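> next come a sequence and a model predicted from it.
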Amino acid sequence: MISFPNAKINLGLHITAKRRDGYHEIESCMVPIPLVDALEMIVDSKKTTFSATGLEIPGDPKENLILKAYHLLKKDFPNLPHISIHLHKNIPMGAGLGGGSANAAFALTMMNNLFDLILDDFFLEEYAAQLGSDCAFFIENIPKIARGRGEILEPVELDLKGTYLVLINPGIHIGTKEAYAGVTPKKPAGKLEEILADKARWKDELVNDFEVSVFPSHPEIAAIKNKLYESGAYYAAMSGSGSSVFGLFEEKPTSIKWEEQYFKFEGIL
C-alpha cells in the first residue's frame, strides 16, 4: 500500500498562553498543500522494518514517528502483523510544514485500512494526538482551526480553490526554543474566523506571532516574505515556526528569481 503524506501551511498563528505542562496554547488555521512525501507499507512475515530515501532524516530511525504510530496501535491491537515501511522524504524537515506529523497520521490511516481495524476518524485523531501536536490535523486533512496544543480542531469555511501557492524554504533551522524565545503570549486582537472570512484583512491582521521572534535574528527569512508581496501575493507569511515562507496568489506570478540553494515549491491549491 502506498500513500502520499502532504505538508501544511499556517494561516495566522497566535501564541495565546503558556501552559503548566510546558507547552503553549496556540490558535491557527492549518491548510493542506500539495507538497508530498511517499510512504509505502508491505506486510512482512519476519519483522517490522523502516527505511528511507530522499532528504536525509536526522536522528535514530527507531525513533521515527511512523514506527511510533505502529507501536502505538500494536498496544491496542497486539495481533498486528509485522510490516516493512519505506519513506521517500521530499518535504523539508524542521521547516514549519508538518511533514513528520503528516507521515505519522498517514501511517495510522494506512494501517487502519491495511489491517481492517475499522477505526473512525475520531479514534484515529485520538491516536494521532498522542504522537504530536500537529498529527491529528492530517487525519481528515482539510482546512481547520487548531487550538490547544494544536490538537483541538474545528472545521472552518475557507475556499482557496484555484489559489496559486509559492513556498520557499531557505534551509535555515529554527529550533523550537529559539522560536518561542521572543514571543510574549497574548490574546489575539481579532477573532480568527472573522478575519479568515475577509481576505482583504489577511495581510494586516492574519499574523504569525513567531515572525516577531524569528525575523530580527534571520532577516533573510523576512526578505523572502517581502519579495513574495512585491511579486503580487495577496498574502504571505512564515509557516509554523519557520523557516518556510509562502505566498498566495490569484494567478501564477511571473518569473521570480530565488537563491539557487533555496528549496522551492509551486502549485495550485
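Yes, it's here.
> give me the contact list for the helix or strand of the chain with the lowest mean pLDDT.
None of the helices or strands of the chain scores lower by mean pLDDT, DSSP states H and E than helix 176-181, at a mean of 79. By Cβ atoms under 8 Å, 6 or more residues apart in numbering, the surrounding residues in contact with helix 176-181 are 15, 24, 210, 213, 214, 217, 241, 242. (Each C-beta comes from the backbone N, C-alpha and C, glycine too.)
> can you flag which of those belong to strands?
Counting by DSSP state E, the contacts of helix 176-181 place 15, 24 in strands.
> residue 263 touches residue 166, doesn't it?
No. In this structure, residue 263 is not within contact of residue 166 by Cβ atoms under 8 Å, at 11.8 Å.
> quick one: residue 63 from residue 71, how far?
Counting by Cβ to Cβ, to the nearest Å, the separation of residue 63 from residue 71 is 11 Å.
> equivalent analysis for residue 20, please.
Residue 20 sits 28 Å away from residue 71, going by Cβ to Cβ.
> residue 97 now?
Counting by Cβ to Cβ - residue 97 and residue 71 are separated by 25 Å.
> count of residues packed around residue 159?
A total of 9 residues lie near residue 159 under the criterion other Cβ atoms under 10 Å.
> what are the phi and psi angles of it?
phi -110, psi 100 (degrees, to the nearest 10).
> same question, residue 101
Dihedral angles for residue 101 - degrees, to the nearest 10 - are phi -60, psi -40.
> which ones are touching the residue nearest to it when sequence neighbours are not counted?
Nearest non-adjacent residue to residue 101, counting by Cβ to Cβ, 6 or more residues apart in numbering: residue 134, 3.9 Å away. Contacts for residue 134 (Cβ under 8 Å, 6+ apart) come out as 8, 30, 98, 101, 146, 150.
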